[in-house]
Each structure stands twice: as structure tokens, then as C-alpha cells.
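Enquirer: Next input, structure requested:
(chains A and B)
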Protein chains: 2
Amino acid sequence: MRVALYQNNPVFGEIERNLDEAVNAVAGREFDLLVLPELFATGYQFKTVGEAVTMGDQAGAGLTFERLRILSREKDAVVVYGFPERHGMKCFNSALAILPDASYFLYQKTHLFDTEKGIFSPGETGFFTFTFRGIRLGMMICFDWRFPESARKLALAGAQIICHPSNLILPHCPDAMITRALENNVFTVTADRVGKESRSGHELQFIGSSRIISPGGMILAQLGQDDVGYLSAEINPADAENKKITPRNDIFQDRRPEYY
Amino acid sequence: MRVALYQNNPVFGEIERNLDEAVNAVAGREFDLLVLPELFATGYQFKTVGEAVTMGDQAGAGLTFERLRILSREKDAVVVYGFPERHGMKCFNSALAILPDASYFLYQKTHLFDTEKGIFSPGETGFFTFTFRGIRLGMMICFDWRFPESARKLALAGAQIICHPSNLILPHCPDAMITRALENNVFTVTADRVGKESRSGHELQFIGSSRIISPGGMILAQLGQDDVGYLSAEINPADAENKKITPRNDIFQDRRPEYY
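Expert: Got it, this is the predicted structure:
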């Protein structure tokens, strides 16, 4: 299967523009899975909960969902993207996976980063997997990487591919994702953004470096710190099924939970 | 405090030679913690359990223990080293931490690598911490790195410094230890060996690359793939106490075990 991502540089608040750009960028491409960054269509730095609620969508509704639902059907592919999820007067930092039949799965970010805590509510979905044509996928968002339990939980639940929409600021995540892939023998697809964003009085610099990584910890494809663009790799998800890394080591059977 | 390690290239079976070399190499040095590699005095590739039992020591006894007990007292430092631990007719791949007062703590490797499974019994001590002058230390051995639960368990038990005697063959560990340090905000001291060993019909190449890493994921000191030598760094163990990485993120308080 072909897994893909789009590394963008959204203009804060210009949802239609950002959405158009991403959809147009992948129009001529073929893929089975597309991962878009965290909050890819809105931008990152909301000033208030109210602003996030106003710009947010309910899960499975709104312009962004509609456009990506059509994309999913046209491409016959799973589309995963990050968005502010309006939920009454609260907002979650969420990711949605849309399948070609318009069914979808919602993940709410478990571990909020820094100022996100003033805007978003901590996720309540937890980590889970879903299936698309026999392939098991899971989602985590950005800062979830820092907690090894995130990817671990997904992998133990059977995830072969971890979709990882991100808006990275700290420098360590791209390399840490190699460890996440290795320790779980899974594919990881980190879709990050680039550029600067200056709201709320402090400027954030996003680090790009989106990566597709194999269960063996190999970087199959990556983008630079400033690239805006599409990235893809051909993978065999079954490679993530076999947890055997030596003739005598199956890294899941070798776990000894009685000591954890 | 000064943490140190010695990266060696032992000759299989020549315990006294290997021991002399390590003790002589650190004779003129000052340190508060010294970490020596996994099975540093015996070599790695035992052919049979009987051979490991014969060359092994009971915990807290034998030539290696006696020499390092004296070193610990002379240096007024903790000495951590890996050795084959004879236990009746069984053998564990163990590490011992000796304190200047001759008290010691035993850790038995939890996750055995490849052919070790034919020689050693799986460890039964689990992961624990101990205290030396208010500094909390923990031990894990080599392949334990691949399981995020190892370092996590130690850090949640309060470890400020993870002592990590190793005989590394796979290439990924040195970089993965940056992730281990980052995700737990702890210091890590990986003491590896170099050189080749050719017994039991297959040649192993050890990758050296011993590293001392800070809670922020910085490599404070490192050795090359072929270097034999001493390495040290001055650290403040209290840097591992504060798990705060942004004004709003304490990476231990931010954990959400209900979702793991």
C-alpha cells in the first residue's frame, strides 16, 4: 500500500485557503492512506477557547470533514487529519480518520502541550485501533510521542501503522519516532507543518521534518525543516505483524509485564 | 557529581586480564559513579550454561567483586558492572552496584537477547532503585533498552541516573537512549564494549558508542565504535528531579495511566 502525508504551512484562521491548498496538493496523487498535520486547516495558536470553538467543527461535520470525505471516496483511501473538535462549549485537539464509505474514527489528543492546556480539554477517547481492508491503524497526535505508553498502547492493540498528525516545536520528536517504531515494530507516519506563527505574543517556529518510518527503524521518506510538500512511501503493513527481531526474540512475547 | 564509564575490549575467558585492565584504566581518575559494561570481565559468548556457571560468581563474592569492592572504597564511589551470576546450576546475566561501605545491589537482566536465552535464566529481580548519598540510581542491562517499560519503571521509581551496562550488537541503542532520557527526564550512562568475539561459530561485532546523556536528551560525552577508554561527565543529578519541560508540562504529572 502507499502511505502519504502533506507537510503544510497554513495561514492562521484561513480554513478554506489551507484546506484548498492541501486538497489541491494531493489531487494528482495515488495513495491508500493520507495523513495531514495537527490542526492543519485552522492553524495552531488559538487565543481563547471561544476562538477554538468558533473555528472548530463537530466530529463528522463541517467544511473540512466534507471536503476530506469526498477526497477519501475519490481516492478510495483513508484520510487522517487534525482539527479543533467543537463539543458544546469545550474543544478537543482531535484527529479524524475518514474511510471511503464515509465512516470515521475520532481520536482526541491525550497529552496536551504547553499553552494547549488553556484552550483544549484533555482527550477522552484514549488510544484505539481501527481496520481498513485488513490493515490496522491507530492515531496519536504530536506531543503524545513523548509518552512511550501512547505508541505502546496502539501497538499492543494491534496497530500496524501509527498515524501521527503533528505541529512540532521541540527538536527531538523526529528521531524519537525511530525509537517508537523500533520498540513496537510498527510503521509510523508523522505529518508535521512548517513555518512561523505569531499570535498570543510569542512566535512559534515549527520544525517540519515529517517522516515515514519502518518497523526496523528505517526512515523510508522524509521532508526538510522548511519544505512544503507531499511525501509518500510504498509499504507492506504485514511487516509490522512479525515482532521477531532475532531467531529467539519476539519483542512482544519477550515483554514481562509482571515487572512493569 | 562525576559519572564515568570504561569502554573495554575484553579477551574471552581471561577474567584477571580484563579486570586488571579496567581497574588500571580508572586508577588515576576521580569519579562518584563508574559503570562498566555487561559481562565486562568474562566476555560475552558462553557456549554452554555450564561454562557460564564455571566462569560466573555468586552475587557479592569472587575475584571480580573483591577487586571492585576495593575500588569502590578507594574511590569512595559506586561501581556498577555486569557479570555472569552463578546461582546453583543456573546463571543470570546480572549487574551489581557496589557502594563504598561494601553493601551492594543486584539486578538480573529482565530481557535476554538472542542466544543469551540458551545460557542465562530470565532475571527475577525486576527494576528497582537504590540510593547513594541522596542520589537515586537504577540499573538495566543492554537489550532492556528495547522495552520502554524498563527505563520507565526505573524513572517512575525515582531513578535520577540509569546505569546501563551493555554489549551492543544492533545499531539502534545509542540513539534510542536519547529517547529514553527524554521521555523520563533522567540521566543515562550506557557503558558498552568494542571488538569482535568469535565463539559458538558466529562472529559478533560490538558497536561501542558508550554515551552519557542528560535529561534534556543532550549527549554529554561519548566514545567511538572502536575506542577503548575512559569517559566521564560532571552532572547535577537534581536536574532529573524536575520533570517540568514547559511552564505547563510536567511529563510525569501529565501521564494519564487510565489510558495506558
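Enquirer: can you list the residues of the stretch 101-250 of chain A near chain B?
Expert: By C-beta under 8 Å from any C-beta of the partner chain, the part of the stretch 101-250 of chain A that sits against chain B consists of A:110-115, A:117-118, A:122, A:126-127, A:143, A:146-149, A:152-153, A:172, A:175-176, A:178-180, A:182-183, A:217, A:246-249. All C-beta atoms are positioned from the backbone trio N, CA, C, and that covers glycine.
Enquirer: Give me the buried entries from those.
Expert: A:110-113, A:115, A:122, A:127, A:143, A:146-149, A:152-153, A:172, A:175-176, A:178-180, A:182-183, A:217, A:249 (16 or more other C-beta atoms under 10 Å in any protein chain shown).
Enquirer: Keep only those of those that are in strands.
Expert: A:Asn249 (DSSP state E).
Enquirer: Spatially, what comes nearest to A:Gln58 if we skip its sequence neighbours?
Expert: Of all residues not flanking A:Gln58 in the chain, A:Arg86 sits nearest, at 5.5 Å (C-beta to C-beta, 6 or more residues apart in numbering or on different chains).
Enquirer: Summarise which helices and strands the helix or strand hosting that neighbour is packed against.
Expert: Assigned by DSSP states H and E, A:Arg86 belongs to strand A:78-87. Judged by 3 or more C-beta pairs under 8 Å, 6 or more residues apart in numbering or on different chains; DSSP states H and E, strand A:78-87 is in contact with strand A:33-35, helix A:49-55, helix A:63-75, strand A:90-98, strand A:135-139, strand A:161-165.
Enquirer: Quick check: mean pLDDT of that strand?
Expert: Averaging pLDDT along strand A:78-87 yields 98.
Enquirer: tell me the contacts of A:Asn185?
Expert: A:155, A:215-216, A:240, A:242-243, A:245, A:251-252 (C-beta atoms under 8 Å, 6 or more residues apart in numbering or on different chains).
Enquirer: Go again with 7 Å.
Expert: A:215, A:240, A:243, A:251 (C-beta atoms under 7 Å, 6 or more residues apart in numbering or on different chains).
Enquirer: Surely the first one is within a helix?
Expert: No. Counting by DSSP: H, G, I helix; E, B strand; the rest coil, A:Pro215 is not part of a helix but coil.
Enquirer: which non-adjacent residue is nearest it?
Expert: A:Asn185 (4.2 Å).
Enquirer: now the second one
Expert: Nearest non-adjacent residue to A:Ala240, counting by C-beta to C-beta, 6+ apart: A:Gln160, 3.8 Å away.
Enquirer: so the one you found touches A:Asn184, yeah?
Expert: No. In this structure A:Gln160 lies outside contact range of A:Asn184 using C-beta atoms under 7 Å: 10.0 Å.
Enquirer: For A:Ala221, give its distance to A:Phe187.
Expert: 11 Å (C-beta to C-beta, to the nearest Å).
Enquirer: who has more neighbours, these two?
Expert: A:Phe187 (26 against 17; other C-beta atoms under 10 Å in any protein chain shown).
Enquirer: burial of the residue nearest to that one when sequence neighbours are not counted, as a residue count?
Expert: Nearest non-adjacent residue to A:Phe187, counting by C-beta to C-beta, 6+ apart: A:Ile161, 4.5 Å away. Residues lying near A:Ile161 (other C-beta under 10 Å) number 28.
Enquirer: Return the set of buried residues in stretch A:167-174.
Expert: Quick answer for stretch A:167-174 (16+ other C-beta under 10 Å): A:167-170, A:172-174.
Enquirer: Most widely separated two among those?
Expert: Maximum pairwise distance among the buried residues of stretch A:167-174 (C-beta to C-beta): 14.6 Å, between A:Asn167 and A:His172.
Enquirer: Tell me where the model's unsure across the stretch 1-150 of chain A.
Expert: Of all residues in the stretch 1-150 of chain A, none has pLDDT under 70.
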